[in-house]
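Asks: just coords:
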């Protein structure tokens, strides 16, 4: 196999658009097949940490995103009732100086729109209402069949089609995602409607028994985004996402700090999501087909790294396909990305226990140890976050060892 020239991507989400942009910038002819008949991102925020922002800078969209960004001042963990801080670590200019890129909050729709515009400007073709149904992987090409039974011949097919990936299913067999016994309410509220409720300009996690809530600003401070997570034993609905009951949400967080209860009192609507996961896949690629993002490594949102990992995947895959013949590029992509995403999946899962105050006395000790480290020994906090936020993807792309 020689280098891939014509590439098809299943899925026009953040990962799919990032991959399309990375590939188009290096001379590939890219077509995205998206099952939705029109593009519309559910209203929710994203935390774009410095590792993701470096990649968005490499992709040339940082300046276009700046107008939509909010710069948080601290990363915080607070007690659900008292509001006491277990962690208050500086972000803003301090994080940018430490990691070489900013820490921004962005509305998902704004990031999606900027990536889409950049893709259009670099010649990417986007075909809406065109779900990929199957593929035929041949020695010299891969034949992509859409739901309308039309077929397209390309050099490479990228599955960026999410946790319920059709591409992954054909490659590795049918297997339902695992419900992680947690659900998340997500929503945004205009600051103009808060009527005196003060939300700190931070990325804040409010931790409590069997649930937690995250708040942060979007769009330069015009909106507040919230994500409220609650442990549940089952998920009866067929859909993985549905409109949530705002009164049920308020009841689940009744008695919490006034900053939380005041915010939720102003919420008019919310979406309810099932949090799902998968065991590590045996492989991410086969022949002329490869996976990225949630299609191969879905993770709980408790490190705020899901979108960041898809963006990193996309850039790494684009650069490696530029440098190497197809089989070498795909093998190096998996060798580079799998250890990192697996580690962050584990970190995200571990944070669930911390955020939901599990473990009785031991759990309280962990939170108090975090408080002590935050106040008196910041290097302990840095030791955990530096490998995530300070990750040098570009440097790793020229390092053949690809360890971690």
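Replies: Looks like it arrived, so ask away. Because the structure is a prediction, the values reported are computed rather than measured.
Asks: First-to-last residue distance for stretch 151-168?
Replies: Using Cα to Cα, to the nearest Å, one end of stretch 151-168 lies 19 Å from the other.
Asks: same question but for stretch 58-77, I mixed them up
Replies: So stretch 58-77: terminal residues 31 Å apart, Cα to Cα.
Asks: what comes up buried for it?
Replies: For stretch 58-77, the neighbour count (16 or more other Cβ atoms under 10 Å) marks 58-59, 61-62, 64-65, 68-77 as buried. Quick note: C-beta positions are derived from backbone N, CA and C, even for glycine.
Asks: And the residues you listed, which is closest to residue 156?
Replies: Ranked by distance to residue 156 (Cβ to Cβ), the buried residues of stretch 58-77 are led by residue 59 at 19.0 Å.
Asks: Would you agree the closest one is in contact with residue 19?
Replies: No - look at residue 59 against residue 19 with Cβ atoms under 8 Å: they stay out of range, at 10.2 Å.
Asks: before we move on, the earlier item: among the buried residues of stretch 58-77, which lie within strands?
Replies: Within the buried residues of stretch 58-77, residues falling in strands by DSSP state E are 74-77.
Asks: Just send the residues you listed back as CSV, with pLDDT and distance to residue 344 too.
Replies: Supplementary listing: these in CSV, determined by pLDDT from 0 to 100; distance: Cβ to Cβ, whole Å:
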residue, pLDDT, distance to residue 344
74, 95, 22
75, 94, 16
76, 95, 20
77, 94, 18
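Asks: closest to residue 373 among those?
Replies: The closest of those, once distances to residue 373 are taken by Cβ to Cβ, is residue 77, at 11.4 Å.
Asks: Run through the bridge partners of that closest one.
Replies: residue 87, residue 205 (DSSP bridges).
Asks: so where do the helices sit in the stretch 301-404 of the chain?
Replies: Remark: helices assigned in the stretch 301-404 of the chain by DSSP state H, counting those that start in this stretch are 306-323, 326-355, 360-376, 378-389, 393-396.
Asks: try the chain
Replies: For the chain, the helices defined by DSSP state H occupy 14-24, 50-58, 62-66, 92-99, 108-121, 166-172, 246-252, 258-266, 306-323, 326-355, 360-376, 378-389, 393-396.
Asks: Tell me how far the shortest one lies from the chain's centre.
Replies: Looking back up the chat, that one is helix 393-396. 20 Å (Cα atoms, centre = their mean, to the nearest Å).
Asks: Tell me which residues are up against that helix.
Replies: Contact partners of helix 393-396, identified using Cβ atoms under 8 Å, 6 or more residues apart in numbering, comprise 51, 54-55, 58, 312, 315-316, 336, 402.
Asks: tell me which residues in it are buried?
Replies: The neighbour-count check on helix 393-396 (16+ other Cβ under 10 Å) flags 393, 396 as buried.
Asks: just stretch 257-264 next, same as before
Replies: Using 16+ other Cβ under 10 Å as the test for burial, stretch 257-264 gives 257, 259-260, 262-264.
Asks: ok so, going back, and which of the ones in strands among the buried residues of stretch 58-77 is nearest residue 388?
Replies: Nearest to residue 388 among those is residue 75, at 11.6 Å by Cβ to Cβ.
Asks: where's that closest one relative to residue 277, distance?
Replies: Separation of residue 75 from residue 277 (Cβ to Cβ, to the nearest Å) stands at 24 Å.
Asks: Now do the strands in the stretch 101-250 of the chain.
Replies: In chain order, the stretch 101-250 of the chain shows strands spanning 104-107, 125-127, 132-137, 142-146, 151-154, 156-159, 178-190, 203-208, 211-218, 223-231, 241-243, with DSSP state E, counting those that start in this stretch as the criterion.
Asks: Give me whichever of those is most buried.
Replies: Most buried of these, by mean neighbour count (mean count of other Cβ atoms under 10 Å): strand 156-159, with a mean of 28.
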